[in-house]
Every structure is written in C-alpha cells, then in structure tokens.
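Trainee: Below is the structure, and that's it, no one-letter string:
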C-alpha cells in the first residue's frame, strides 16, 4: 500500500496516436519535391530547403496544414529564385487542400482501446497541437468523439500547458497519464510535472519532434497494449 | 426585487472589440486588388472574386490570416487564369505574413475599461474565433492578458459553444454577458440562451459577419461606456 494516486485521467495525443497524419505530410512533401525538383540542380536538397522555411515560420504560423502549405509555396519560390511556374504553385496549394480534406484514418486498435479504457472507467481527453478548426473537424469525423470528456487543442505542449490541463480536470498530476507518439511533446514535459506518460512511437516522426532521451520512458508498440499497461500500473501501486 | 441573477462574468470578443483587426484585412485586400488588377479587365470585380473563394474555403480553412492568405493566392491564380506572376504570388504571401507580424493595437478605451471592470469585481474572459496560435500570440502581446481569467478560442460562435463556455465558468446564462462587434457571432446566439449581450460596432464589418436584426440589441458606441452600462443593468435588477 502506498499513497500514490490511481490514474483517473488518460489524455491522448491525436495526430499519429489516434489517426494517421505525418504520412500525409510525407506524401505531400514527395510531390512538392517532384514539382520543385524540375527547376533546381540535381544536387539541390529540396527537403532541407522546405524544413528551413518551415522552422523559420513556426513562430508566426504555428502547427498545422495551412502553415505548412504557405511554407511550401514560400520555399518553392525561394528555392527556384522565382523560376517555378504559377501552375506548380497552384498544384502545391491544391496538395495542401487535399490533406485538409482527407478522411480521418484511425490507427489500428484505436477504436477497441478507447472502448476498453472507457469501460474500465478512465476519464479520457484529447490533448493536441495543430490547427483548431482542422483538429475539431477531425475529432468530429473520427467516430470516437463520444468517448472523450473533452478536446484540448493547445498552441504548445510544454509543462505550463500540461499543468493547466491537469488542473482543469480537477486531479493531481499523479492521477494523470498522457499517451502519444512524441517523446518531446507528449512525454518529457508531462513526466517533469510528476504525471505519468506513455510513448507509442509512430513509424514516421516530424523532424521538429525529434529529441534525445535516456530510454527509460514507458514505451508501447501499439495503443492496443495501453489498457493492459494501465491495469498493471494500477496493480503495482 | 426580482430573481434575475446579477452579471458576474463579462466575456469579450477580441478582434475589432479589444484590438484592430479588420482594418488590416482591408489594407491587405487593397494591395491584393492592385496586384491582381494588372492582369484582369478593368470591369472585373477582384473583391467579389476573393470573397467567393474565401467563402468556398471557409469550411476547410476556418477563420484567420493563414486561410485568408491561401484564399488570396488561389483567387489570384483563378481570376487571372494563371497569368499572374510568381513575383506577385510572393508579394501576396508576404502581405499575409505582414498581417501576422503586425503589433497588437488596442482600440481606444480598452485598457481603462478592462481595468474598471476588473476593479468592479467582474470575472473577465475572452471568447474569440480565429487561429489558435495567432490569437494566443496577440493576447500575450496585448499587455492586458493578466486581467482575463481565461482565453477561449473557439471554432464557431454558436449557441452550443456559448452554452459550453457559460457552463465552464460555473454560472447561469443570466449571470453572463458577451460583448463584441458582431451581432451575428457575439450577440444573437448569446441572447438565444437567455444570457446578456452588448453590441459595440467597429467601423468595418467583414462581409461574412453581416446579419439583419430587429434593432433592439443593446448597442454602445465605445467599450468606454461598458462599465457604466453594466452598473445600470445591476441597478435596474
């Protein structure tokens, strides 16, 4: 018997934790590379040029597809010294729009896992970055919105944000567990507060989310393993 | 003596209620018209073409400057049948970026009014549409963030949203008053719930926010009149 509180609230990241996202960025970026590649030397690194513009714009644009699309257009003009055609600009614009219109594809095991967690009595919420409008649209289109007590769309996933979210749920940090695919955003700032966090890697990670860590972070292969992990954590108290 | 609850929570819209916003959209749109105007017949209505693209994209992009910039680029390509130059596209992109980087200009009387309301014991919050990242940036840069209990950035200002916001403040609708420059977004959906609302017109209204109403909506010329209006409402109970 210890005084450790039981986990009551399970917060889930959305993009690449509940549904596919980065894979569409990658697909769009391949198309971008092909369009821009026609206008630059063969050894020019189109991906690096885009990443540079994206990082430069992050403070002004924040996260999400609209800012990514604007950065693609800017990078296309810059990398080609304005030689790219308006037709290609139109195609880049359309490729961003296609990403926004893409149906929500749940990751394998998500539907069952959130059902199991609900049945086990956990209070679920989503904590996600990205574009407010698009994230609300995706959760509504996901078919699993009714399992969640709340959707928190945040500008940054830092300790201050998590402190506010945990307080707003009316629990102690020890009763809160965050689950997501980014060690940088979903795990480290949460552990820092004395709350729980579980890493479930996705097969692609956006460069901006890469971070070094000491390897002691609880890691699962799939969200399907989460209900059992939580049950074990409860039994080990 | 009646059982009408006293107003406890005063919620303020942000763009064109606390600080200037639409005026920057107008300025940018004039520049857009000039750039696109070089490529179209003199009688072509550039403004109408942009409004059409904006409205068509509202479902996918939502509110805010990034979506507006993407719509300007799309409208420029479409209105000119692709004849517009990449140089002009770059200028449109830069003009959107300039809007995002613009310092926050408080409207006259705002600083004093929120001080007076705080001193009078009202709980203040901001309820605004638009881009999450940009709105958070603006409130932080406004110098008045500390007067507000909370910042609610919402995807749509409809009765369901206001019902959720009012409940989250722990008050009855009758104890809640919304103040803003849009009758459509800040006033009508709030009155529908039995809460209070005050209209403070801004000198420019975005076409999308225009609405007909019966003229009985409480209207003030300036936010400077709000503390007195609330004091009168309290005295009249």
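Mentor: Looks like it came in fine. Keep in mind that what you see is a predicted model, and the values were worked out from it rather than measured. Numbers count the residues shown, from 1 in each chain, chains lettered A, B, ... in the order given.

Trainee: contacts and neighbour counts: CA atoms only from here.
Mentor: Fine.

Trainee: Is residue A:221 in contact with residue A:201, as I believe?
Mentor: Yes: counting by Cα atoms under 8 Å, residue A:221 does reach residue A:201; the two are 6.9 Å apart.

Trainee: More neighbours: these two, which one.
Mentor: residue A:201 (18 against 11; other Cα atoms under 10 Å in any protein chain shown).

Trainee: In three-state terms, label the more buried one for me.
Mentor: Recorded secondary structure, residue A:201: coil (DSSP: H, G, I helix; E, B strand; the rest coil).

Trainee: now it, nearest residue through space, not along the chain?
Mentor: residue A:181 (4.6 Å; Cα to Cα, 6 or more residues apart in numbering or on different chains).

Trainee: what sits against that neighbour?
Mentor: A:13, A:16, A:17, A:199, A:200, A:201, A:202 (Cα atoms under 8 Å, 6 or more residues apart in numbering or on different chains).

Trainee: ok, now with 6 Å
Mentor: A:17, A:199, A:200, A:201, A:202 (Cα atoms under 6 Å, 6 or more residues apart in numbering or on different chains).

Trainee: Could you measure from the closest residue to residue A:47 other than its chain neighbours over to chain B?
Mentor: The shortest distance from residue A:47 to any non-neighbouring residue, by Cα to Cα, 6+ apart, is to residue A:33 (6.9 Å). Distance from residue A:33 to chain B, counting by Cα to the nearest Cα, to the nearest Å: 18 Å.

Trainee: tell me the mean pLDDT for the helix or strand encompassing residue A:33?
Mentor: Residue A:33 belongs to helix A:22-37 when assigned by DSSP states H and E. Helix A:22-37 carries an average pLDDT of 95.

Trainee: again with stretch A:120-131
Mentor: Rounded mean pLDDT across stretch A:120-131 is 93.

Trainee: near chain B at all, that stretch?
Mentor: No: using Cα under 6 Å from any Cα of the partner chain, we find that stretch A:120-131 stays clear of chain B, coming within 6.9 Å at best.

Trainee: With distance to residue B:45 and pLDDT added, can I get the contacts of residue A:181 in a markdown table?
Mentor: Shown next, in a markdown table, are the contacts of residue A:181 (distance: Cα to Cα, whole Å; pLDDT from 0 to 100):
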| residue | distance to residue B:45 | pLDDT |
| --- | --- | --- |
| A:17 | 46 | 96 |
| A:199 | 53 | 95 |
| A:200 | 52 | 95 |
| A:201 | 51 | 92 |
| A:202 | 48 | 89 |
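
Trainee: which ones are touching residue A:222?
Mentor: Per Cα under 6 Å, 6+ apart, neighbours of residue A:222: none.

Trainee: swap the cut-off to 8 Å and go again
Mentor: Residue A:222 neighbours (Cα under 8 Å, 6+ apart): A:109, A:200.

Trainee: Need the per-residue pLDDT for it.
Mentor: 94.

Trainee: hang on, the earlier thing: count the residues that sit near the residue nearest to residue A:47.
Mentor: Residue A:33 has 16 neighbouring residues, counting by other Cα under 10 Å.

Trainee: Would you mind confirming that it is in contact with residue A:45?
Mentor: No: in this structure, residue A:33 is not within contact of residue A:45 by Cα under 8 Å, at 9.0 Å.

Trainee: who touches both of these two?
Mentor: If you check residue A:33 and residue A:45 against Cα under 8 Å, 6+ apart, no residue is contacted by both.

Trainee: follow-up on the earlier one: who are the packing partners of the helix holding residue A:33?
Mentor: Identification of packing neighbours for helix A:22-37 by 3 or more Cα pairs under 8 Å, 6 or more residues apart in numbering or on different chains; DSSP states H and E yields helix A:46-61, helix A:65-79, helix A:86-101.

Trainee: Show me which residues of chain A sit near chain B.
Mentor: A:60-63, A:66-67, A:70, A:74, A:77, A:82-87, A:90, A:93, A:97, A:100-101, A:131-134, A:136, A:154-155 (Cα under 8 Å from any Cα of the partner chain).

Trainee: Any quick ChimeraX command for the buried ones out of those residues?
Mentor: Buried subset of those, written as a ChimeraX selection, criterion 16 or more other Cα atoms under 10 Å in any protein chain shown:
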select /A:60,61,62,63,66,67,70,74,77,82,84,85,86,90,93,97,100,131,132,133,134,136,154,155
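
Trainee: For residue A:23, see how far away the most centrally placed residue in chain A is.
Mentor: In chain A, the centroid-proximal residue (Cα atoms, centre = their mean) is residue A:15; its distance is 3.7 Å. Counting by Cα to Cα, to the nearest Å, the gap from residue A:15 to residue A:23 is 10 Å.

Trainee: contacts for stretch A:30-48?
Mentor: A:29, A:72, A:76, A:79, A:80, A:83, A:84, A:88, A:92.

Trainee: Skipping its backbone neighbours, what lies nearest the second one in space?
Mentor: Same thing as residue A:72. Nearest one to residue A:72, counting by Cα to Cα, 6+ apart, is residue A:50 at 6.4 Å.

Trainee: mind showing which ranges of chain A have poor pLDDT?
Mentor: Low-confidence segments of chain A (pLDDT under 70): A:1-3, A:205-215.

Trainee: give me that answer again for 80
Mentor: Within chain A, the stretches with pLDDT under 80 are A:1-4, A:204-216, A:237.

Trainee: Break it into its domains for me.
Mentor: A:9-19+A:105-235, A:22-101 (automatic domain parsing).

Trainee: Tell me which other helices or strands the helix or strand residue A:135 falls within touches.
Mentor: According to DSSP H and E, residue A:135 maps onto helix A:132-141. Other helices and strands packing on helix A:132-141, by 3+ Cα pairs under 8 Å, 6+ apart, are strand A:150-153, helix B:46-61.

Trainee: Need those in CSV (columns: distance to residue A:7).
Mentor: Below are these laid out as CSV (distance: least, Cα to Cα, whole Å):
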stretch, distance to residue A:7
strand A:150-153, 17
helix B:46-61, 37
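
Trainee: that's a strand at residue A:127, yeah?
Mentor: Yes: according to three-state DSSP, residue A:127 belongs to a strand.

Trainee: ok, it touching residue A:12?
Mentor: Yes: counting by Cα under 8 Å, residue A:127 touches residue A:12, with 5.9 Å between them.

Trainee: In stretch A:122-140, which residues are buried?
Mentor: A:122-139.
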